[in-house]
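>>> With the input below, show me the fold.
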Amino acid sequence: MQNSRTIKLPERCLDFYSHSDWIELGNRKSYTNLIKPDTLISNIADSETCRSCYGDGCSGNILEAVITQQKLTSGYFGPSKPNGKCSHGGEADLSSWGQGGINKDTPTSSHGHLHEEAALVATNATIELLDDIRAALGDSDFLRLLGLGKTSALCFVIDTTSSMSDDIAKLRKVTSAIINSKKGTAVQPLQYILVTFNDQDYGPLTRTMDPKVFQDEINALIPDGGGDDPEMCLSGLQLALTGSPVQTEIFVFTDADAKDKQLKHDVQALIETKKSVVTFILTRSTSSPSATPLYSQQQVSPQLVDIQLYQDLAQASGGYVIEVTNMNQASNTNEATSNSTMVTLFQTVRNPAKYETFPVFVDFSVQNLIIYIIGNSTDYTITSPTGVSKNSPILQSTETSWPIQGFDNLDIVQPNELEQAGLWHFSINSTQPYTIKVVGQSEIDFLYNFVQLFQGLHSSYAVLNSRPIANSNISLLLSMVGGDNLRPTKVSVVNATSSNYFPGKLVKIGSGQYLVNFSSIPTGEFTIRVDGEASFLSNVILKFQRQSSTRFQTSKVIITAPPSERIEPGKQVTLPFRVATDGSGGRFNIRVSNDHNFDTSFNTSITLESGGSANGTVTLTAPTNASSGTEVSVTIQAEAADGSDFNYVVLRLAVDAPAKDFIPPMCTIVSINADCPGDCRNSSWDLTAEVTGGFGSNIPSVRVLQGNGKLIITSILNDTGIVTTVVYTSSCCFPELELVAIDEVGNVVTCFKSPSAIAASRILTSGVEFFLVLPFKPLSLWLNMGVSLYQFMQL
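Below you'll find the model as predicted:
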C-alpha cells in the first residue's frame, strides 16, 4: 500500500540484483552506488559478455573475462540484442531462444541456482535503504510515507466568516477538550491538520505533530467578512483531502452553503482514492427563523439541494451530516470518532425506506461499540447478544442507561453492556430514507486498494487511480491489519442500498496480503466487506467481520493517464490522457483541477462514438516560486453531457527543482570525555562534534536516532559557511550514540559512535572525523537520498 513513487526504489533494488551479474561476480553485499545520484555505475562491460547455452547448462554462460575483470552487465529482453550479450532468459524472452539467460527471479530461472543469494542481497539492500529513510524522517513520518498501518490524524476544516464567531469561540474549548483527552494516550493523533475557508478564499493547510501548536492555530482564528453567503467549503475540503493521510477522519464546520459546487466530483474522487471519512457539522442559531432542520426531507427550499450536496459527500465517505445549535454538542461526536483504532463493522442505506432487521456480529476484540442511525422519523430497536432490548423512545428518554446523543436526524448510541461480543440485532422502521453504521474500537482491520493486473514476463499490478469499470473483472489488493494470526475467509462487494453481496476469489500472495478477483461488480454504490478468522493457540478461533467506510461506484466511462512524477518550478509538463466509453457515445465534458491552483489548459469536451475512445492532454504550469518538494494532486474528469455518469483519474506530481548539491553533511569530533567506571549509574560521558554541509549549507536538523542523552545544538556562520555544533551528554549506562544530520537540500548522513571507541580513549581531540574513530561498527553511513525524494517525504 506504499506511496507509488517510494515503492519504486525497492523494486529497482530487486531488479538490479536479479537481472544483472552482480551476484555472479561474487558480491554478497549491496551496491551502494545505486542510491547515490552523485555516483556512477562503474566498470560496465563494453564487450561480449555471454556465450550461448542450452537446456539446464546455463550456470556458466557468463564469459570468464567478465568475471575476472569484474565487469557489470545485465540481460537483454526482446527480439533485438547485440551479438555476444547476455539474455534475460525465460520462455517469454525472445532474445534468449536457444541461448539461455542470467535472471535469478525464481529457483527455476536461467540462473535460479543463485536465486536465494540474489534475494538475500536484494532484501538486505532494501532494508538498508528503508532504514536510512526511517533514520532521516523518524518513525511517524516514515510510517506515513509508506502507508503502513492506520495513520491517526485529527483534521478540522473551519469556516472563518463573521457569522461563525460564536461557534469558533466554542470550538476552541471543544478542541482543547478533545486534545487534552487524547494527549499522552495510545490514541493521541500522530498529526493535527487545520484548513480554513470563507466566502472569498481558502487555506492554507497547517500540519503539525504538536497538539499545542494545533490549539494555538485554532485560538488564533479571527472570524471576518462573509455572513451567511455561500462559502468556499468544497475548496477547503479538497485541500484537506489532498494534504491529509489516507483514512483520515475530517470534520467540516460551517453554517452556510457551498459556492464551489462544481468541485463535487473532484471531492468525491479524492474521498474514494484517500478513503477518508468526512463529517459535516452545520451550526445554526436557535433564535434564527431558519432553525428548522436545514436537511429536513419535508422542507422544500433552495437550501435543500445545497444540504443534499453535503449529505452526498458525507454518505459516500461513510460520514454523516449533523446540525447543532451549540458547538459543545459536537465535542463527544469528535472524541468518539477521531480514534485511529475505530473500525467499521457494518453499514447500509435504505432508500426507499423499509422495515428491516440487520444482524451484526461483534467479535471479542471490539470495545466501545457505537451505533449511528441517520434519518428522519426513524423508529428503531437495538437488541444485544444477551437479549437486552431497547427501542428509540426509551433511548431518547431520560430513563435509558445507554449513553445517547440525539440530533435532528442522527442518533449516536453507545451501549454500555458488559458483554458486547456476539450477534446484535438492529430493527429499523421509517418512512424516510435512513442509514445505519456500526463501529467499534479494535486492532483488527484491513487495508485495500483496487488494482490493475499486468501479465507478461513479470506479472505485476498497479493501484487503480480511478473508478472501477462496470461489467468487468475487478481485482482488489487486501492486507490484514492486527496480527499474523488473521486470515480472511470471504471478501465481498456489498451493494450499499440492498446489502446484496458478491463474493470474490481469494488468492494469498504474501504474509497477510491477498489478491481478490471479482467477476462482476454491482451497479450503484458498494462497499467492501471482509469476513475472517483470528487463530489463537491450536484450537481457539475468533471470527470477525469488517466493512469499508468508503462507498465506491463503477463507471462505464473509462479514463486513463500514464504517471507523471515531477514538475520543475516555472516549467510546464504535458499530461496525456485517454477517454473511452463502454456505453453510449456522445459529448463528454472534461474538467481538470489541482489543489495548488497551478495554471492548466485543456479542451473542455471530447466526443465519442458508442464504445469508442479519444485522446486528450492537459498542460500544467508550475509558478516560479513553487516550493520544491510540494506534491500537486491533479484530477482529470470525464462526465457524460447529461450528468448520468462520470469517471476520473488522479495524478500526483512532485515539484522538484534540479539538485546541484549532492554532498552529504560531515560529522567531525571536537572532543569526547568518557570517564566511565564499573558502576555507570553515577557517571556520565559527553561528546562535542561539528556538522557541516556541502558548500557551507545549513544543517536544519540534527537528532538522536539511538541514545538516551541530552542534545544541545548551536549554529554559527564563519568564513567557510555555517557550522553546527552538537553537544551530547549521556549517562555511562547508555554509551551508544547514533546521530542523523540533514542539510537544507535533503542530503543525509548518519553518524555512529560505538561503546568500544568510547572505552578506548578518554579524550579524542579536534580534527578527527567522526567515521574514522569507529573501527568496531559500520563506519559511517553516507547517504544522499536526493532532493525530490527527501522533500517529498516532508509533505
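>>> in the stretch 551-700 of the chain, which spans are strands?
552-553, 557-560, 566-567, 572-581, 586-594, 599-601, 605-608, 613-621, 631-640, 646-655, 666-674, 684-692 (DSSP state E, counting those that start in this stretch).
>>> among the ones you listed, where is the model least confident on average?
Of all the strands of the stretch 551-700 of the chain, the minimum mean pLDDT falls on strand 666-674 (a mean of 86).
>>> about what we covered before: columns distance to Leu537 and mean neighbour count on top of the strands of the stretch 551-700 of the chain, output as a markdown table?
(C-beta placed from N, C-alpha, C; glycine too.) Listed next are those as a markdown table, based on distance: least, Cβ to Cβ, whole Å; neighbours: other Cβ atoms under 10 Å:
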| stretch | distance to Leu537 | mean neighbour count |
| --- | --- | --- |
| strand 552-553 | 38 | 20 |
| strand 557-560 | 49 | 22 |
| strand 566-567 | 51 | 20 |
| strand 572-581 | 53 | 18 |
| strand 586-594 | 53 | 18 |
| strand 599-601 | 59 | 13 |
| strand 605-608 | 59 | 16 |
| strand 613-621 | 56 | 16 |
| strand 631-640 | 46 | 23 |
| strand 646-655 | 45 | 22 |
| strand 666-674 | 49 | 19 |
| strand 684-692 | 47 | 20 |
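>>> Same list, these, but as CSV with distance to Val723 please.
Formatted as CSV, the strands of the stretch 551-700 of the chain follow (distance: least, Cβ to Cβ, whole Å):
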stretch, distance to Val723
strand 552-553, 55
strand 557-560, 52
strand 566-567, 33
strand 572-581, 39
strand 586-594, 41
strand 599-601, 42
strand 605-608, 59
strand 613-621, 40
strand 631-640, 33
strand 646-655, 30
strand 666-674, 10
strand 684-692, 5
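>>> To Asp46, which of those lies closest?
Closest of the strands of the stretch 551-700 of the chain to Asp46 is strand 566-567, at 31.5 Å (criterion: Cβ to Cβ).
>>> And the contacts of that closest one?
Val573, Leu620, Ala622, Ala626, Val632, Leu653, Ala654, Val655, Asp656, Ser788 (Cβ atoms under 8 Å, 6 or more residues apart in numbering).
>>> that older thread, and of the strands of the stretch 551-700 of the chain, who's closest to Lys490?
Judging these by Cβ to Cβ, what sits closest to Lys490 is strand 552-553, at 18.5 Å.
>>> Name the strands paired with that closest one and say parallel or antiparallel.
strand 525-536 (antiparallel) (DSSP bridges).
>>> For Leu120, which of the strands of the stretch 551-700 of the chain is the nearest?
That would be, of these and by Cβ to Cβ, strand 666-674, which comes in at 30.6 Å.
>>> now for that closest one, which elements pack on it?
strand 684-692, strand 747-753, helix 755-760, strand 768-769 (3 or more Cβ pairs under 8 Å, 6 or more residues apart in numbering; DSSP states H and E).
>>> Just the angle for the helix or strand following the first one relative to strand 747-753, thanks.
Next along the chain after strand 684-692, taking DSSP states H and E as the criterion, comes strand 701-706. Angle between the axes of strand 701-706 and strand 747-753 is 40 degrees (criterion: axes from the mean of the first three to the mean of the last three Cα atoms, to 10 degrees).
>>> could you give me the average pLDDT of the following helix or strand past strand 701-706?
Using DSSP H and E, the next helix or strand after strand 701-706 towards the C-terminus is strand 710-718. Mean pLDDT, strand 710-718: 88.
>>> And the contacts of strand 566-567, which is closest to Asn416?
For these, the residue nearest Asn416 by Cβ to Cβ is Val632; the value is 47.3 Å.
>>> wait, which of the strands of the stretch 551-700 of the chain is closest to Gly60?
Sorting the strands of the stretch 551-700 of the chain by Cβ to Cβ, the top spot, which is the nearest, belongs to strand 566-567 at 42.8 Å.
>>> That closest one pairs with which strands?
strand 646-655 (parallel).
>>> what bits of the stretch 251-400 of the chain have low per-residue confidence?
The stretch 251-400 of the chain contains residues with pLDDT under 70 at 284-306, 326-340, 396-400.
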